[in-house]
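1. Here is a sequence together with a model predicted from it:
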Amino acid sequence: QVQLVESGGGLVQAGGSLRLSCAVSGRTFSMYVMGWFRQAPGKEREFVATIGRSNSVTMYVDSVKGRFTISRDNAKNTLYLQMNSLKPEDTAVYYCARDSAPFQGPTSSSARFDLWGQGTQVTVSS
């Protein structure tokens with residue numbers, strides 16, 4: 001059974017940086033679109049970024065454009081989210097997720113993702 005395990009969260013001051021990782025088990029990582037989502041306390045889960053099967057196609061929510069970078073290493077079965085210039089409003093639990101079917105194009109719709117990690121907490125202090 002495929003599992004997604006996030007790491008790299010923590011407490012950082014505003015303006016700082018963090019790099020999240022998502023290790024994916026199995027041998028089919030390169031076939032799937034991957035995404036990052038986040039959920040702040042009292043709020044609904046929201047899309048953050050998604051990436052196609054290679055590093056050539058990416059999408060971001062407007063609030064993180066220019067600050068966050070999604071990438072993947074298919075040889076290591078790992079998804080990344082580099083977060084720079086962090087703001088207190090970025091505080092949330094961050095989840096990585098896998099598309100429900102292989103060989104599709106990137107999407108920002110959480111409904112397309114059916115395999116989720118346990119989440120990693122990111123806290124940005126002001």
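-> Here it is on my side, so go on. Numbering: from 1, shown residues only.
2. which SS state does the closest residue to Asn55 other than its chain neighbours fall under?
-> Leaving aside its sequence neighbours, Asn55 sits nearest to Ser71 (Cβ to Cβ, 6 or more residues apart in numbering; 5.6 Å). From N, CA and C alone the C-beta is placed, and that goes for glycine too. Recorded secondary structure, Ser71: strand (DSSP: H, G, I helix; E, B strand; the rest coil).
3. what about Ser71, how many neighbours?
-> A count of nearby residues for Ser71, using other Cβ atoms under 10 Å, gives 15.
4. Bridged to it, which residues?
-> Tyr80 (DSSP bridges).
5. Would you agree it is in contact with Gln82?
-> Yes. With contact defined as Cβ atoms under 8 Å, Ser71 reaches Gln82; the gap is 7.2 Å.
6. And the spatially most central residue of the chain, which helix or strand is it part of?
-> Nearest to the mean C-alpha position of the chain, by Cα atoms, centre = their mean, lies Trp36 at 2.3 Å. In this structure, Trp36 sits in strand 34-39 according to DSSP states H and E.
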